[in-house]
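K.L.:
My questions concern the predicted model and sequence given below.
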Amino acid sequence: MADSGRLRAGLSRTREGLRAYRLISAMWIRSLMAYRLSFAMTAFGNFAVTAFDFLAILLMFSQVERLGGYSLAEIAFLYGASCTAFGLTDLALGSMDRLGRRVRDGTLDTLLVRPAPVIAQVAADRFGLHRIGRLVQGALVLTYALVAVDVDWTPLKVLMVPLMLLCGAGIFAAVFVGGAAFQFVAQDAAEVQNAFTYGGTTLLQYPPTVFAKDLVRGVTFVLPLAFVNWLPALYVLGRPYPLDLPTWVAFTPPLVAVVLLALAGLLWRTGLRSYRSTGS
């Protein structure tokens, strides 16, 4: 009975958080839509700036036929999967890096007294719909890659693509929340957090063969970003896995995402309990 009561309380709290997130983000979207031209220009700017990453890859392939043993279509597949998964998370949780500023100036206190989960309020704060430019750009590259890449498609490989995007978004979400929890202690760690979020997606846009093995081990066994796209994408492409990992690891991203999200939730609750208003 006690377990079922805790489960109902947890589900109720989750519904409250989702409702608060929806209402706050809708408020910010209405604010953005009041200046539609400004929104369109900002969204296009976000699209164009992120597109320069793929333009750099195209410039490389103007000089070489393969990069790290991978063709342009294969790297576009890695790029598109990473950028799309990250774009989903950045759109939903991109405001989490503002937490350190709220801790420093004390405005986090105003969120604590509102009848809504703090994490939902922080995530929806200044909801940036213009970030959809990154998501669209990544989805376009992924669409090109799915058409151009030479793959013997099977039902399992087809299923792997949406699974990779959803699990990748979950893994990045855990990194966003864990980084925000760290700011309860560091208070000015937005750039540290960005090194693992924005820096992580840039790393995953290239094949693991171009990086040192120590770095590949780090993003596989320490901060498992390799499960965002490297391992499942290499299964789809029929490529050997880094570090001679077994074939079945390509199917573990859902488990990795769940474990990381649970750990990120624990870190968040620990950080929030340790908060003692401005200066803590």
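P.N.:
Structure's in. What do you need? Because the structure is a prediction, the values reported are computed rather than measured.
K.L.:
Nearest the geometric middle of the chain, what residue?
P.N.:
For the chain, F172 is the residue whose C-alpha lies nearest the centre (CA atoms, centre = their mean; 3.1 Å).
K.L.:
tell me the SS of it?
P.N.:
For F172, the secondary structure call by DSSP: H, G, I helix; E, B strand; the rest coil comes out as helix.
K.L.:
And it, how close does it get to V259?
P.N.:
Distance, F172 to V259, by CB to CB, to the nearest Å: 14 Å. Bear in mind the C-beta positions are built from the backbone N, C-alpha and C, glycine included.
K.L.:
Run a quick neighbour tally on the closest residue to the residue nearest to the centre of the chain other than its chain neighbours.
P.N.:
Excluding the flanking residues, the one nearest F172 by CB to CB, 6 or more residues apart in numbering is T89, at 4.0 Å. For T89, the count of nearby residues is 24 (other CB atoms under 10 Å).
K.L.:
List the contacts of G133.
P.N.:
43-48, 50 (CB atoms under 8 Å, 6 or more residues apart in numbering).
K.L.:
let me fix that: P253
P.N.:
By CB under 8 Å, 6+ apart, the neighbours of P253 are 163-164, 167-168, 171, 227-228, 231-232.
K.L.:
doesn't R19 make contact with P117?
P.N.:
No. Assessed by CB atoms under 8 Å, P117 is found out of contact with R19, at 9.8 Å.
K.L.:
between these two, who's got more neighbours?
P.N.:
Each of P117 and R19 has its neighbours counted (other CB under 10 Å); P117 has more, 19 against 13.
K.L.:
Quickly find the element holding the residue lying closest to that one once chain neighbours are set aside.
P.N.:
Nearest residue to P117 in three dimensions, chain neighbours excluded: G17, at 4.0 Å (CB to CB, 6+ apart). In this structure, G17 sits in helix 2-33 according to DSSP states H and E.
K.L.:
what's downstream of that helix, the next helix or strand?
P.N.:
Next along the chain after helix 2-33, taking DSSP H and E as the criterion, comes helix 36-61.
K.L.:
in that following helix, what counts as buried?
P.N.:
Residues 39, 42-43, 46-47, 50-51, 53-54, 57 are the ones in helix 36-61 that count as buried (16 or more other CB atoms under 10 Å).
K.L.:
Run through the neighbouring helices and strands of it.
P.N.:
helix 2-33, helix 72-93, helix 132-148 (3 or more CB pairs under 8 Å, 6 or more residues apart in numbering; DSSP states H and E).
K.L.:
how about these, which one is nearest L111?
P.N.:
helix 2-33 (10.2 Å; CB to CB).
K.L.:
The closest one - what's its average pLDDT?
P.N.:
Model confidence over helix 2-33 averages 81 on the pLDDT scale.
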